[in-house]
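Student: Here's my sequence, what's the structure:
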Amino acid sequence: MKLVIQIPCYNEEATLAGTLADLPRDVPGFDSVEWLVIDDGSTDRTVEIARQNGADHIVRLSHNRGLAAAFSEGLEASLRAGADVIVNTDGDNQYKASGIPALTAPILAGRAQIVVGARPIATVPHFSLIKRSLQHLGSWVVRQVSRTEIRDAPSGFRAFARDAAMQLYVFNRYTYTLETIIQAAHLGLPIVSVPVEVNDPTRDSR
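Tutor: Below you'll find the predicted structure:
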């Protein structure tokens, strides 16, 4: 079993090394773990830092196409690399990589095809009241539309079984988080949430 951890990046030279340093090379249930960085047309040293810090695969987009496009290119590259499970995380090290085994466990157990990491939004000190309110509202709307129980729909920390990744198609250029949950529900793909933790911010949110 192969796990590929993908990281969409746009100008993450200041944070990517720390993100990669925290990623595991051993995750229970997998024979191999590989790291894939998607460079979304960065104009800084993102690619150089990815190479210097152990990325096994680098996908380079010719220009900045947006987060959703980088995410989709990552899924395709991860599948080509032979991934049985794909974990998506952020280049700014927002999510604690120690949560990756919890993300992949429901897929390995056959209970889910997609797992979304639910942040403790109400207690994260660097989330403003407006951000918390918008996060809760967005998640509530997605739950109503998708008829799922996903608590943190905007979270980008998530895991995909190979079969699920092959079926998803993102239409939005800027975000994939809400769309993929709704799409998965319509496709009948089992999707669950697990609690995850976040790191202190390394830069302003984009």
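Student: least trustworthy helix or strand in this protein by mean pLDDT?
Tutor: Lowest by mean pLDDT, DSSP states H and E among the helices and strands of the chain is helix 129-146, with a mean of 65.
Student: Past it, which element shows up next along the chain?
Tutor: Next helix or strand after helix 129-146 toward the C-terminus (DSSP states H and E): strand 158-161.
Student: which residues in the chain form strands?
Tutor: Per DSSP state E, the chain carries strands over the ranges 2-9, 32-39, 57-60, 85-88, 114-118, 158-161, 191-195.
Student: Out of the ones you listed, the one nearest Ala68 is which?
Tutor: Ranking the strands of the chain by proximity to Ala68 (CB to CB) places strand 2-9 first, at 9.0 Å. (C-beta placed from N, C-alpha, C; glycine too.)
Student: which strands and helices sit next to the closest one?
Tutor: helix 16-22, strand 32-39, helix 67-80, strand 85-88 (3 or more CB pairs under 8 Å, 6 or more residues apart in numbering; DSSP states H and E).
Student: hmm, back to that, let me have the strands of the chain in a markdown table, adding mean neighbour count as columns.
Tutor: As requested, those are exported to a markdown table (neighbours: other CB atoms under 10 Å):
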| stretch | mean neighbour count |
| --- | --- |
| strand 2-9 | 26 |
| strand 32-39 | 24 |
| strand 57-60 | 17 |
| strand 85-88 | 27 |
| strand 114-118 | 25 |
| strand 158-161 | 27 |
| strand 191-195 | 19 |
